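Asker: Pasted the sequence and its predicted model underneath.
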Amino acid sequence: MTPLHGPAPGMFTECGETHRLQPFVETVFDCLPRVDQRKWAELYIRALLRTPGKKSVRRLAHSVSDSPTAPQAMHQFVNASPWDWSAARRGLLRWVRQTSPAVRAWTLAPAFIPKRGEHSAGVHRRFDPRLRRVTNCQLGMVVLATGDHGPLPVDWNLYIPHDWAADTALRSKVRVPDEVRGPLWSQAVEVLHRATSGTAGRPAPVTAELSWLPEREAFLAHLVRGEQPFVVEVPGTVRVRPVTSQPAVPSAPAPVRQVIEERGAADGAERQHVVSLPVALPGPAVGRVRLRLLAQRGPSGSARTWLTNLVDRPLPDLLPLMGQPRLAATVVNTLSGDFGLRDFEGRSFPGWHHHTTLVSAAFAYARVRGAAR
């Protein structure tokens, strides 16, 4: 195994960009204990920014180095070097807050990563809504912090399915920790909690589009029980209970689509651009929390629907939050097409997290640097 050494003399080019990138890396990756590790983080990020097309380790290494050992050393840095990606992501979030102190929304979004074979960490067969078919893939979950520079990715989870949880040998081979397990909705909650915990002052709302999440009712119940404000887009099949002016006669739960058709029409809301109705989730534990059902009708008459616990917030304040998931999906597409999110060639769980951390850092740096020009 090639030792992790510092980049050879002459590996850096574009001195102006180097001077700008070095302070960024020193801030975000100050958790890396060795100078050579921080140098490889800087090289990897610079290569992601510079390399066109597919971002294999070999192409990344050759774009920033003439050394014949650079591809192997870069591969080792991402796949084998035991650096703490969680600490690096906390460093990235600190840097994001320095550039944009007010986080206005936290958005949870999926990232479907097609894979060949069955040995990459967490790979399984799942319906990809973007491709509209079942694919062999990894399912990443990213949390984006929206501030002055738009949504920026700050934390990730890689979904580990139940079949993987039950196969000790398979998990061990790609170094999936024993504690990474549970249903998809709970793994989504984990990354969301990790990104948003420890924030001072009034918490920013959580936004998401939940059509990709099978256990969305459990996820919604978790949001309702928590103290975080939220505005989440839901499919029309999600069941809610309309709240009427006669609470002694509770309404029966019904799909969101049916509630909009019946209650919205009864209130004359079909003439409005956005329908707003009081509802609650079914169940004794969450049914006491009043929610707001929002529906935005399209030209064809179909409606996109959201649930929020911001029941007293003016509608103009909610409209930007309703649009955050689509902005987040655009960022995920950019990470995939321009920053190499889907190009990671390793199979290990730590390697995947190292790669997504570096991809996120490269995107955040490019977005903020571009806005500053």
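Answerer: Cool, the structure landed. The structure presented is a predicted model; accordingly, all values stated were derived computationally and were not measured.

Asker: going forward, measure contacts and count neighbours with C-alpha atoms only.
Answerer: Fine.

Asker: residue boundaries of the strands in the stretch 101-250 of the chain?
Answerer: Assigned by DSSP state E, counting those that start in this stretch, the strands in the stretch 101-250 of the chain fall at 105-114, 124-128, 133-147, 150-158, 206-209, 230-234, 239-242.

Asker: So for E179, which of the ones you listed sits nearest?
Answerer: Proximity to E179 (CA to CA) singles out strand 150-158 among those, at 12.7 Å.

Asker: same for that closest one, what does it pack against?
Answerer: helix 85-99, strand 133-147, helix 184-196, helix 324-338, helix 349-372 (3 or more CA pairs under 8 Å, 6 or more residues apart in numbering; DSSP states H and E).

Asker: any residues touching it, and which ones?
Answerer: By CA atoms under 8 Å, 6 or more residues apart in numbering, the surrounding residues in contact with strand 150-158 are 89-90, 92-93, 96, 107, 122, 138-146, 187-188, 191, 195, 327-328, 331, 349, 353, 356-357, 360, 363-364.

Asker: Then stretch 88-102?
Answerer: Under CA under 8 Å, 6+ apart, the answer for stretch 88-102 is 27-32, 103, 147-149, 152, 154-155, 357, 361, 364, 368.

Asker: which among those residues end up buried?
Answerer: For those, a burial check counting by 16 or more other CA atoms under 10 Å picks out 28-29, 31-32, 103, 147-149, 152, 154-155, 357, 361, 364, 368.

Asker: which one of those sits closest to E215?
Answerer: Closest approach between these and E215, by CA to CA: D155, at 21.3 Å.

Asker: Spell out which residues sit in contact with Q228, please.
Answerer: Contacts for Q228 (CA under 8 Å, 6+ apart) come out as 203-206.

Asker: quick one on the thing from earlier: quickly check the buried ones among the contacts of stretch 88-102 for the two that are furthest apart.
Answerer: Greatest spacing in these, by CA to CA: L32 and D148 (28.0 Å).

Asker: Now do the helix or strand hosting Q296, average pLDDT.
Answerer: Per DSSP states H and E, Q296 falls inside strand 291-297. Mean per-residue pLDDT for strand 291-297: 92.

Asker: do stretch 353-371 as well
Answerer: The pLDDT scores in stretch 353-371 average 93.

Asker: Adjust the sequence numbering to begin at 27 for everything that follows.
Answerer: With the count now opening at 27, the last piece we talked about shows up as stretch 379-397.

Asker: For that stretch, list the C-alpha coordinates in CSV.
Answerer: Taking Å, rounded to 0.1, in the frame of the first residue of the first chain, the C-alpha atoms of stretch 379-397 are listed here in CSV:
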residue,chain,number,x,y,z
HIS,A,379,-18.7,9.1,3.1
HIS,A,380,-15.2,10.6,2.4
HIS,A,381,-16.1,11.1,-1.3
THR,A,382,-19.5,12.7,-0.6
THR,A,383,-17.9,15.0,2.0
LEU,A,384,-15.2,16.2,-0.5
VAL,A,385,-17.9,16.6,-3.2
SER,A,386,-20.0,18.7,-0.9
ALA,A,387,-17.0,20.8,0.0
ALA,A,388,-16.1,21.4,-3.6
PHE,A,389,-19.7,22.4,-4.5
ALA,A,390,-20.0,24.8,-1.5
TYR,A,391,-16.6,26.4,-2.3
ALA,A,392,-17.5,26.8,-6.0
ARG,A,393,-21.0,28.2,-5.2
VAL,A,394,-19.8,30.7,-2.7
ARG,A,395,-16.6,31.6,-4.6
GLY,A,396,-18.7,32.2,-7.8
ALA,A,397,-21.1,34.5,-6.0
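
Asker: Buried residues in it, which are they?
Answerer: Residues of stretch 379-397 classed as buried by neighbour count (16+ other CA under 10 Å): 379-391, 394.

Asker: Could you dump the residues you listed into TSV with distance to W66 added?
Answerer: Converted to TSV, the buried residues of stretch 379-397 look like this (distance: CA to CA, whole Å):
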residue	distance to W66
H379	16
H380	12
H381	12
T382	15
T383	13
L384	11
V385	14
S386	16
A387	13
A388	13
F389	17
A390	18
Y391	16
V394	22
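
Asker: for this protein, where's the lowest mean pLDDT among helices and strands?
Answerer: Counting by mean pLDDT, DSSP states H and E, the chain has its least confident helix or strand at helix 291-292, which shows a mean of 51.

Asker: Excluding residues flanking it in the chain, which one is nearest the most centrally placed residue in the chain?
Answerer: Centroid-nearest residue in the chain, with CA atoms, centre = their mean: V168, separated by 1.5 Å. Closest residue to V168 apart from its sequence neighbours, by CA to CA, 6 or more residues apart in numbering: W182 at 4.4 Å.

Asker: what do you get for L210?
Answerer: Nearest non-adjacent residue to L210, counting by CA to CA, 6+ apart: Y185, 6.6 Å away.

Asker: doesn't C163 make contact with the one you found?
Answerer: No - Y185 is beyond contact range of C163, at 10.5 Å (criterion: CA atoms under 8 Å).

Asker: Quick check: neighbours of the strand holding Q322 in the sheet, parallel or antiparallel?
Answerer: Strand 317-323 sits in its sheet next to strand 300-306 (antiparallel), strand 329-334 (antiparallel), going by DSSP bridges.
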